[in-house]
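1. Got a predicted structure here, sequence first:
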Amino acid sequence: MFDMLKKIWQTGQVTKTLPFEEAPERYRGQLLIDPDYCNGCEECVTACPADALSFEKEESHLQLTISFAKCIYCGLCEEVCSPRAIRLTNEYLRATKNPKELTQTFKIQEKRIPMTEGGKQ
Amino acid sequence: MMTDNARTLEEMGKELQKKMKKVLGRSLHIRHVDSGSCNGCDFEMTALLNPVYDIQRFGVDFVASPRHADMLMVTGGVTRHLEEAVLRTYEAAAHPKMVVAIGACACGGGIFGESYANYGGVDKIIPVYVYVPGCPPRPQAIIQGILLALDKWYDRK
Amino acid sequence: MKTNNPGDQVLHAFNSQVIHFDLKNDNHVVIDIAKEHLPSITRYIRDLGGRLFTMVGSDELNIRGDFSLYYVFAFDKDQSLITVRVSVSEQEPGFPSVTDDLPSANWYEREVYDLFGLEPVGHPHLSPLVLHGDWPEGIYPMRKDFPANMKLPRMKNRDQFMNYEGEGVTQIPVGPIHAGIIEPGHFRFGAVGDTVLHLDARLFYTHRGLEKVSEGVSINKALFLAERICGVCALSHAVSFAQAIERIGKIKVPARAEYLRMLFLEMERLYNHIGDVGNVCAGIGFSFGVSQGAILKEKLMQLNEKLTGHRYLRGITTIGGVRLEFNHDDKILMEKTLGDVRREFEKFVGIMMSHEIVSDRMTSTGRLTREQVEEIGTVGPAARASGRNIDVRKSHPYLLYDQIDFSVPVLTTGDVLARVQQRIEETYQSFAIIGQILNQLPEGPIQTRVGEIPAYQWDMGWTESARGENVHWVMTGPDQTVYRYRVRSAAYSNWPAVALAVPGNIVPDFPLINKSFELCYACCDR
């Protein structure tokens, strides 16, 4: 009995008073997409294991859609994105009341699509 | 969905704690339902009860029966074999039947998607209150999901 | 090849029946034989000391015009494998069952019947397993002509549970939704008073169709599916899959990557074992143990997250290497944290194992004998606690485990206490292994370029996870895709052991016995 009390006393307080501290630097959290850098090469769509990313052709532009309901935060899209339009942050508070917020869309300007087919710069 | 970066995380933590006090004037009872998860999300939920996160100090607890529960936390994309269990648990749960979908599978099927054995998302079977994406979400993100659900419940009143 | 090895002996004894044989590598011979000879060759291999490693059914109508069954046997002493392949035609979808001779084949044969419609003729207990009884009869989802996303109506349930006659036998149904935060499974106890006579377990509630979903997807995507078979064996599954592909593609993984894989595989074992030692105390209401174990586990999870970016070590494996930086600071952090955890763990275990409640409740509870574990093919700590000395890190070395000095603890009593003690001793071994890896970790590249993976080739990858060996069998398809993927997890081999360990104990000890095996449902159900 006393050995247990002693051990508990030695362990001390481990409970975090504020549970919302920042995640470690290497944590793969929220994706940030900068549509200005995107060149529409679709490498990220090919790489995504969860089919969370997709490109649709709209009238005047391309549209990049990302579904956080599917995303597994593996970071492959960031790895293959040569113009560095996708970045994973260590932000992890992503809960939402609105299912529409689970999908984000971005306008990609047509002019940024490379002329050569399937080519990356 | 995105947090306001202007506030420091510490400030946000304090604010959330205050909100917990206000909203949790009485305690919140949660029932966990595994609808076909890989058990990653389940273990993160278990972690909430460990001495480090110790969610019980806020008056939140996981209970053994849906009949005692205000909230259902569902992990997994609802398999064919668990559809009935999910429906019956939902029916048995007490009002207001807040359903929190934990993890990518529960939010929208995740990597497994739809198949002969998997429906690909909890909201295809029962109404969902709050979605917590991630594979799995960190324990803190699950706490945030609980808070959002309480918010939504209060706003409705 | 060594002479007189099991492969040669089998080839010699079945010289006239063997249709064809070839060598996958020096230690693995593949024998084609007609299906009517299956029972005799199985008996022969069993008597030579082979154990069933995995069994795979595969729809190869498009490739060779028939279904194939691959029975893979492992010889632990000779570090060798024998695969027996029999072909089963679509017109005559029956094959002789070997379950009577080899009880460990029971589930595999039932699964092949459920998913492919190949009937093990003479099987003693052919009832629905993977697909529950409300699945329409005569439709087999793993056949290639079945579309993966087809939804089917529910039929009248064909599932049967044990019927009890006579006075005083109570049937107690439990699950699939349990009281705690655990995974779904349905258990039916036949009990007289407090004592369990018989336990029926219906599993496969979390069957997500993972093997079907993986068919036709690219190898790189399938790797992420493999990671998501199970939350707490994520890395073990990912490495098993990667190894199978690397064997098929003859990819040489750089030494640093292999060391890093070993390093984090041992981390996975550590956080599981330490968490499980603590968690088993929940089965006896010993809350001191529960919280001490949980604190240490959480420390390891946070270390994982700092080092790899993921608490469950997902996303660090890639075909041909690892996706992971590991620098000097990481090494220092790891040494310091693990040093602390080890010291705390020693103190905690010292107190726990000398406490009366622990020895009272755990001694002689849920006992499995060595004969039982060998007969039903139990693996991992559960088998070693009953005296069965199997560990694929030693018997079929992978990565660079043959360069690490460690021992495999083996206990004999086979009760709950032994399984807990087993984990404690394995934990100390893992600390020692990690120490050696950190000292020996070579510099160099962590990934190698992966070329074309040949189509329609198969091979296996295996790892010893915290629950036992995970064996992944993969056949590649055209254009770098997966054609057939069969995951045999440790839990799949060990669930039958739970049903065997419980009878004779009191109902309140069931949670304790179940926790002492600490099996995943998700791993087993896929």
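-> All right, it came through fine.

2. any idea of the mean pLDDT for stretch C:137-151?
-> Here stretch C:137-151 scores 87 as its mean pLDDT.

3. That stretch vs chain A: in contact?
-> No. With CB under 8 Å from any CB of the partner chain as the criterion, chain A is not reached by stretch C:137-151; the gap is at least 12.9 Å. (Glycine included, C-beta is placed from N, CA and C.)

4. And the contacts of that stretch?
-> The contact list for stretch C:137-151, computed with CB atoms under 8 Å, 6 or more residues apart in numbering or on different chains, reads B:113-117, C:57, C:59, C:61-62, C:114-117, C:131, C:152, C:155, C:158, C:209, C:211-213, C:215.

5. Which parts of chain B are helices?
-> Remark: helices assigned in chain B by DSSP state H are B:9-23, B:40-48, B:83-92, B:103-108, B:139-156.

6. Quick one, which of those helices gets closest to chain C.
-> Closest to chain C of those is helix B:40-48 (CB to the nearest CB; 2.8 Å).

7. what mean pLDDT does the closest one have?
-> Computed over helix B:40-48, the mean pLDDT rounds to 90.

8. now it, how far from the centre of its chain.
-> 11 Å (CA atoms, centre = their mean, to the nearest Å).

9. With stretch C:293-313 instead?
-> 23 Å.

10. what's near enough to touch the closest residue to C:Tyr205 other than its chain neighbours?
-> Excluding the flanking residues, the one nearest C:Tyr205 by CB to CB, 6 or more residues apart in numbering or on different chains is C:Pro184, at 4.2 Å. When contacts are counted by CB under 8 Å, 6+ apart, C:Pro184 touches B:34, B:36, B:82, B:85, C:175-178, C:205-206, C:521.

11. Shouldn't C:Pro184 be within a helix?
-> No. Using DSSP: H, G, I helix; E, B strand; the rest coil, the secondary structure at C:Pro184 is coil, not a helix.

12. Need the phi and psi values for it.
-> When read as degrees, to the nearest 10, the backbone of C:Pro184 gives phi -90, psi 130.

13. Quick check, pLDDT for it.
-> pLDDT, C:Pro184: 88.

14. circling back: among the helices of chain B, which gets the worst mean confidence?
-> Among the helices of chain B, helix B:9-23 scores lowest, with a mean of 61.

15. The stretch 201-350 of chain C: strands as residue ranges?
-> C:317-318, C:321-322 (DSSP state E, counting those that start in this stretch).

16. quick one: which of those strands is nearest chain A?
-> strand C:317-318 (9.2 Å).

17. Check which helices and strands the closest one sits against.
-> helix C:219-227, helix C:234-248 (3 or more CB pairs under 8 Å, 6 or more residues apart in numbering or on different chains; DSSP states H and E).

18. Around chain B, which positions in the stretch 151-300 of chain C sit nearby?
-> C:151-152, C:176-177, C:179-184, C:204-210, C:212-213, C:224-225, C:228-232, C:234, C:291, C:294-295, C:297-298.

19. of those, buried ones?
-> The neighbour-count test (16 or more other CB atoms under 10 Å in any protein chain shown) marks C:176-177, C:181-184, C:204-210, C:212-213, C:224-225, C:228-232, C:234, C:291, C:294-295, C:297-298 as buried among those.

20. distance between stretch B:77-88 and the chain's centre?
-> The chain centroid and the centroid of stretch B:77-88 are separated by 17 Å under CA atoms, centre = their mean.

21. Direction included, what does the longest strand seen in chain B pair against?
-> Secondary structure of chain B per DSSP state E: the longest strand is strand B:28-34. Here strand B:28-34 is paired, per DSSP bridges, with strand B:60-62 (parallel), strand B:71-75 (parallel).

22. Quickly find the element holding residue 73.
-> Going with chain A. Applying DSSP states H and E as the criterion places A:Tyr73 outside every helix and strand.

23. Can you look at chain C instead?
-> Assigned by DSSP H and E, C:Phe73 falls in strand C:66-75.

24. Tell me which other helices or strands that strand touches.
-> Where contact means 3+ CB pairs under 8 Å, 6+ apart, strand C:66-75 is packed against helix C:38-48, strand C:51-60, strand C:80-88, strand C:468-477.
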